[in-house]
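Visitor: What would the 3D arrangement of this be:
(chains A and B)
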Amino acid sequence: MRQEHMLAYVFLLPAALVVALLIGYPLVRVADISLRQGRMMNFARIDTLPLGFGNYRIVASDPAFWHSVAVSAAYVGIVIGMAFAIGLGTALLLNRRMPGRRILRTLLLIPWAVPGVVASIIFLWMLDGSFGVVNAGLRGIGIAGPAWYVDRSTALVAVTVPAMWKAYPLITLIVLAALQSIPGELYEAARIDGASAWREFRHVTWPGIRGPATLAVMVSALAVFRDVDVIYTATRGGPSRLTETVSLFVYNEGFQYFRMGSAASAGLLMVLAALLASLIALRVIRRESL
Amino acid sequence: MLPPRWRVLPWWLATLACGVVVLFPIYWMVMTAVMPTEDVLSTSPPLVPDFAVASLAAFRTVFSIHPLLAWIANSLGVGLAATVCSLTVATFAGYSLSRWNFRPQQILGALLLFTKLIPATLIIIPLYITFNRFGLLDTYLSLVLAHMTIGVPLATWLMKGFFDRVPREIEQAAMIDGCSHLQALRWVVLPLTLPGLSACTIYLLIVSWSEFIFARTLMRSDAHYMLTVGMQSFVGEHEVDWPGLMAAGTVSLLPVMILFVLLEPFLVSGLTKGALAN
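Guide: Numbers count the residues shown, from 1 in each chain, chains lettered A, B, ... in the order given. Predicted structure coming up:
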């Protein structure tokens, strides 16, 4: 039995080392960097700067940071709202028995696997002001479409499109799995009771998928909140920082303006916010499933 | 009223219509890559192009102007290395998490979940500084290590899920028959999780192939670019070569599509059930 215990720990060791060296140590470093006040272009000597909360004060009083918070809220809200609607709709469609359902399911899930950069460049092209296919279609019905990614009023909407396209399949997948675990007898009972399609959805389908759907929304929202691939590829946060989410703010502060200290403190605030949000969401999900 | 056999038709058509809409962007990318330039750069591009004039010219041009083959090789090499490393570490850890539930297992499991909250844009700051100090910037090793920060947490939880579905009794029976625990794992449990291992491998390959922000930050020289970074560098150019960029996009999407079709059955059966259980 002692040998058993040895094995339990030995197997854990490589992963523990990876977590300690590649995630734990960097997190300690980044926390340290966030507390180093002043600027140092030689990154190797950042830890010679004095300690203090200066960076957090700078970030908290930086309008660009608060703007990025608002951009993130709008971005995540639009992307997840639309992705949830599309995901729920496609899951309900795929839940029917029909010929070729398997292939249709595969086709509808494909965007999930498309790399963020590729998704972003496809829509950059489709939404191009002069030669984009979307504007060509709009022109057909007499509307002059804007240069979506350049126009200040449409840039944020434009970057949500590829993100939403990539985000909905995970929701489809999880909701579909939940739908298929709802016992058929419940629907039969509802039908015998003469329930309308809406009441059937409201009282049979929705309670069956609410928990998993909340989980899917939480996981997807976290991913969209963290991700910068789509926006960085298309606009790098522009025009004039209008599409700069918090995650991209962190990257631009660090690697465009070389302000590692404020980048680190903004990033850690982001982790804190994500941690709080997911603890609340988990509590909600747990209450659902009881 | 439709006969019962046909009653599903409206649903089928609606699903098909959804499929057409969501796959149109991929279709359009491929069409842009093979259409003649005067059709592409027109204010009313034909939705169904004239296939008689379709050509691979854009592919030839983009491969001759940019070191696309080198970028593909870089992405492939780093992807394979990161996948093998992550999977090895994660298989042992996943097994430990599945079979034992002591304090260390609980702590590590929670830490691995916590890493999902850390944005790549944050963790890249200390990684960049540390790799810089050790002279590892612009090396493939740095990127493999960086990809492991995503791969190990992801694969450990996936593998735990796959091991959970192999009953303990199976390896206990093997051990009663004289196998050591390691032998039982190697010859009895691992073969049973082979579908899980392959699903995990494919998942990790897709993640590595798609990864952008680590690759963008750590690999500075043109020849060391990953494919995603290479493609993104087209966008900054003054005049974007759309057919060329779409050709590169098509090439980069091809392996992912093949992997995805292989992964999809597991995604539906395995990964979601794991997600629901957690």
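Visitor: May I have the residues that are in contact with the residue in the stretch 151-290 of chain A positioned nearest to chain B?
Guide: Closest residue of the stretch 151-290 of chain A to chain B, CB to the nearest CB: A:G267 (3.2 Å). Where C-beta positions appear, they are placed from N, C-alpha and C, glycine not excepted. Contact analysis of A:G267 by CB atoms under 8 Å, 6 or more residues apart in numbering or on different chains lists A:30, A:34, A:250, B:119, B:121-122, B:125.
Visitor: What's the local residue count around B:M175?
Guide: Neighbourhood size, B:M175 [other CB atoms under 10 Å in any protein chain shown]: 14.
Visitor: one step back: secondary structure element for the residue of the stretch 151-290 of chain A closest to chain B?
Guide: In the assignment (DSSP states H and E), A:G267 maps to helix A:260-289.
Visitor: Give me the mean pLDDT for that helix.
Guide: Here helix A:260-289 scores 90 as its mean pLDDT.
Visitor: Could you do stretch B:160-172 as well?
Guide: The model assigns stretch B:160-172 a mean pLDDT of 89.
Visitor: Using PDB, write down the CA coordinates of that stretch.
Guide: The C-alpha trace of stretch B:160-172 is given here as PDB (Å, rounded to 0.1, in the frame of the first residue of the first chain):
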ATOM      1  CA  LYS B 160      -8.800  12.300 -16.000                       C
ATOM      2  CA  GLY B 161     -12.200  12.100 -17.600                       C
ATOM      3  CA  PHE B 162     -11.100   9.300 -19.900                       C
ATOM      4  CA  PHE B 163      -9.500   7.300 -17.000                       C
ATOM      5  CA  ASP B 164     -12.600   7.800 -14.900                       C
ATOM      6  CA  ARG B 165     -14.500   5.700 -17.400                       C
ATOM      7  CA  VAL B 166     -12.100   2.700 -17.000                       C
ATOM      8  CA  PRO B 167     -13.300   0.700 -14.000                       C
ATOM      9  CA  ARG B 168     -10.700   0.300 -11.300                       C
ATOM     10  CA  GLU B 169     -11.600  -3.400 -11.100                       C
ATOM     11  CA  ILE B 170      -9.800  -4.000 -14.500                       C
ATOM     12  CA  GLU B 171      -6.400  -3.000 -13.300                       C
ATOM     13  CA  GLN B 172      -6.900  -4.600  -9.900                       C
END
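Visitor: Which parts of the stretch 1-150 of chain B are helices?
Guide: Using DSSP state H, counting those that start in this stretch, the helices assigned to the stretch 1-150 of chain B run over residues B:9-34, B:37-40, B:57-65, B:68-99, B:103-114, B:120-133, B:140-164.
Visitor: got it, and the stretch 151-290 of chain A?
Guide: A:155-180, A:184-192, A:197-200, A:206-226, A:229-234, A:246-255, A:260-289.
Visitor: Which of those sits closest to B:T217?
Guide: Closest approach to B:T217 among the helices of the stretch 151-290 of chain A is made by helix A:246-255 (6.1 Å; CB to CB).
Visitor: the inter-axis angle of the closest one versus helix B:120-133?
Guide: 20 degrees (axes from the mean of the first three to the mean of the last three CA atoms, to 10 degrees).
Visitor: Mind giving me the packing neighbours of helix A:246-255?
Guide: Judged by 3 or more CB pairs under 8 Å, 6 or more residues apart in numbering or on different chains; DSSP states H and E, helix A:246-255 is in contact with helix A:63-94, helix A:206-226, helix A:229-234, helix A:260-289, helix B:120-133.
Visitor: let's see 6 Å
Guide: Secondary-structure packing of helix A:246-255 (3 or more CB pairs under 6 Å, 6 or more residues apart in numbering or on different chains; DSSP states H and E): helix A:63-94, helix A:260-289, helix B:120-133.
Visitor: How about the residues of the stretch 51-200 of chain B by chain A?
Guide: Selection of the stretch 51-200 of chain B residues close to chain A by CB under 6 Å from any CB of the partner chain yields B:89, B:92-93, B:95-96, B:100, B:104, B:108, B:111, B:115, B:117-119, B:121-123, B:125-127, B:129, B:132-133, B:145, B:148-149, B:152, B:156, B:181.
Visitor: Of the helices and strands packed on helix A:246-255, which is nearest A:I231?
Guide: Short answer: helix A:63-94, nearest of those by CB to CB, at 7.9 Å.
Visitor: Is the closest one positioned near chain B?
Guide: Yes: Helix A:63-94 lies within reach of chain B by CB under 6 Å from any CB, at A:90, A:93.
Visitor: Measure how whatever helix or strand comes next after that helix sits relative to helix A:155-180, angle-wise.
Guide: Reading on from helix A:63-94 to the C-terminus, the next helix or strand found by DSSP H and E is helix A:101-109. Using the same axes, to 10 degrees, the inter-axis angle of helix A:101-109 relative to helix A:155-180 is 150 degrees.
Visitor: which helices and strands does the next helix or strand after helix A:101-109 pack with?
Guide: Note on helix A:101-109: by DSSP H and E, the next helix or strand toward the C-terminus is helix A:116-126. With contacts taken as 3+ CB pairs under 6 Å, 6+ apart, helix A:116-126 sits against helix A:155-180, helix A:229-234, helix B:227-235, helix B:242-266.
Visitor: Could you export these as TSV, including mean neighbour count?
Guide: Shown next, in TSV, are the helices and strands packed on helix A:116-126 (neighbours: other CB atoms under 10 Å in any protein chain shown):
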stretch	mean neighbour count
helix A:155-180	24
helix A:229-234	27
helix B:227-235	23
helix B:242-266	20
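Visitor: Let me have those helices in CSV, adding mean pLDDT and distance to B:V207 as columns.
Guide: CSV is the format used below for the helices and strands packed on helix A:116-126 (pLDDT from 0 to 100; distance: least, CB to CB, whole Å):
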stretch, mean pLDDT, distance to B:V207
helix A:155-180, 94, 13
helix A:229-234, 95, 12
helix B:227-235, 92, 12
helix B:242-266, 92, 10
